[in-house]
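1. Fold the following for me, if possible:
(one chain, ligands or ions: 1)
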Amino acid sequence: MAAAEPANADKQPLERVVIIGSGPAAWAAAIYTARAQLQPLVFEGAITEANRLDGTLPLGQLSLTTEVENYPGFPAGNLQQFLDTALPADERAMMAPHTGHGVSGPELMELMRRQAKNFGTRVVTDDIVDVDFTQRPFTLKSLEGTVTKAHAVIVATGARANYLGLPSEEAYKNRGVSACAVCDGALPRFRNKPLIVIGGGDSAVEEATYLTKFASRVHLIHRRDALRASKIMAKRAEDNEKIQIHWNSQLHEVLGDDKSGVTGVKLESTTDGAIRTQEATGVFLAIGHTPNTRFLEGKLELTPKKYIQWTTPQRTYTSVEGVFAAGDVADDYYRQAITAAGSGCMAALDAERWLAGQGIE
Ligand code: NAP
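-> Numbering: from 1, shown residues only. This next block holds a predicted model:
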């Protein structure tokens, strides 16, 4: 829903570039535009219960993962001292203790955010809920009701985890059903109990592996007879004695009651439709993502899957001149932290050059 326009809307300062989002694409764009003296303003998202349930809190999907083993520059090693010196003490105090095994997703995001702030990026903890891209400068309205005008906008709002849409899944959200093992896996209800993970991609394998720390057994439910996950991740799941893979199976219903929450699931065979029951206190969905573009519908050209359409090869241009897109919000193919950061850098350079072409410095 669009936020109401405040009385002082016309007194809002005019920004050169506003960045919407707070994942690797957004922070890379902020670092580059800040160093180009464009004084970027980042809307990093709001801390609300709705965003928590949707998986769209500030710092994005990486803040919901564990170790990041494939972001170049962070081989396994103890980063304790680096984190203590790179981040202010108050930010450090809010973070989980460092594990000593290379960088974690939340650590990587805090480091990127800090790097962007070090170069003068201003950060607002609020969501952009409505935009007017029909006139320049563009107008952006936030959840808290502020109105910001901007010459250029970089959209880097990422994507969020999908659910299957079963009524029983909805009924037990927060009472055993989750799309984030890292956020919820350590809860007492999941300790030493059988747990279910749905999906066959890297996320499912990562979640299943993580949950073996807590669960008595993890049942990985996949609708086909081969994992989509990369070979190294798939092998990790297949070799883990605590993970049992159920091939050709899908979630039919989440079972539970008001007192206990989730108590089990009904699984359906995708080959013969047979239904069987599996005891579990938790069901973790890892079945892909949806881009965070709801506020852009009708404002920017989107793909059939609602990702922002990049309009020019090798550029971050969108259907509106002066609006650029970076990261998972425009990429349903690579979806890696490094590709998101790379496209954030590209969007910053595209915006910088476009602004210069408009005579805006
Ligand atoms: P993904 O690769 O799209 O996999 C989604 C999985 O969910 C697939 O196995 C798919 O089954 C299954 N699925 C989708 N809809 C379903 C439904 N309605 N019912 C049952 N199953 C359903 O998504 P992802 O695992 O979230 O990974 C996204 C991207 O992030 C990938 O590029 C991945 O490599 C990357 N990633 C990397 C790491 C890492 O390197 N550490 C960790 C996490 C994610 P099908 O296979 O049958 O289509």
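2. give me the number of residues near the residue of the stretch 101-250 of the chain found nearest the ligand?
-> Closest to the ligand within the stretch 101-250 of the chain is residue 201: 2.4 Å, counting by Cβ to the nearest ligand atom. Using the backbone N, CA and C atoms, a C-beta is placed for each residue, glycine as well. Residue 201: 19 surrounding residues under other Cβ atoms under 10 Å.
3. Surely it and residue 286 touch.
-> Yes: contact criterion Cβ atoms under 8 Å: residue 201 and residue 286 qualify, at 6.7 Å.
4. Which secondary structure state is assigned to residue 340?
-> Under DSSP: H, G, I helix; E, B strand; the rest coil, residue 340 falls in the helix class.
5. helices and strands of this protein: which one has the lowest mean pLDDT?
-> Across the helices and strands of the chain, the lowest-confidence element by mean pLDDT, DSSP states H and E is helix 181-184, at a mean of 81.
6. how about it: buried residues?
-> By 16 or more other Cβ atoms under 10 Å, the buried positions in helix 181-184 come out as 181-182, 184.
7. do you know how far the closest residue to residue 274 other than its chain neighbours is from residue 249?
-> Among residues not flanking residue 274 along the chain, residue 268 sits closest, at 7.3 Å (Cβ to Cβ, 6 or more residues apart in numbering). Applying Cβ to Cβ, to the nearest Å, the value for residue 268 to residue 249 is 7 Å.
8. got it, and residue 139?
-> 49 Å.
9. So between those two, which is more surrounded?
-> residue 249 (23 against 18).
10. so after the host helix or strand of residue 28, what's the next helix or strand?
-> For residue 28, the host element (DSSP states H and E) is helix 24-35. The helix or strand immediately downstream of helix 24-35 is strand 41-43, counting by DSSP H and E.
11. which other helices and strands contact that following strand?
-> strand 14-20, helix 24-35, strand 122-124 (3 or more Cβ pairs under 8 Å, 6 or more residues apart in numbering; DSSP states H and E).
12. And the ones you listed: which comes nearest the ligand?
-> Nearest of these (Cβ to the nearest ligand atom): helix 24-35, 12.6 Å.
13. which secondary structure elements does that closest one contact?
-> strand 14-20, strand 41-43, helix 105-118, strand 147-155, helix 337-357.
14. Could you confirm whether any residue of the last one contacts the ligand?
-> Spelled out, it's helix 337-357. No: with Cβ under 6 Å from any ligand atom as the criterion, the ligand is not reached by helix 337-357; the gap is at least 8.6 Å.
15. So which bits of that helix are buried?
-> 337, 339-352, 354-355.
16. what's that helix in contact with?
-> 16-17, 23-33, 36, 38, 62, 68, 70-72, 108, 112, 151-152, 154, 156, 158, 315-317, 321-322, 324-328, 330-331, 361 (Cβ atoms under 8 Å, 6 or more residues apart in numbering).
17. can you check the second one too?
-> Residues from elsewhere that reach strand 41-43 (Cβ under 8 Å, 6+ apart): 15, 17-22, 26-27, 30, 116, 121-124, 126-128, 140, 142, 148, 150.
18. go again using 10 Å as the cut-off
-> 13, 15-22, 26-27, 29-30, 33-34, 58, 113, 116-117, 121-129, 140, 142-143, 146, 148, 150, 153-154, 156-157 (Cβ atoms under 10 Å, 6 or more residues apart in numbering).
19. I'd like the average pLDDT over that strand.
-> On average, the pLDDT along strand 41-43 is 98.
20. All set, thanks.
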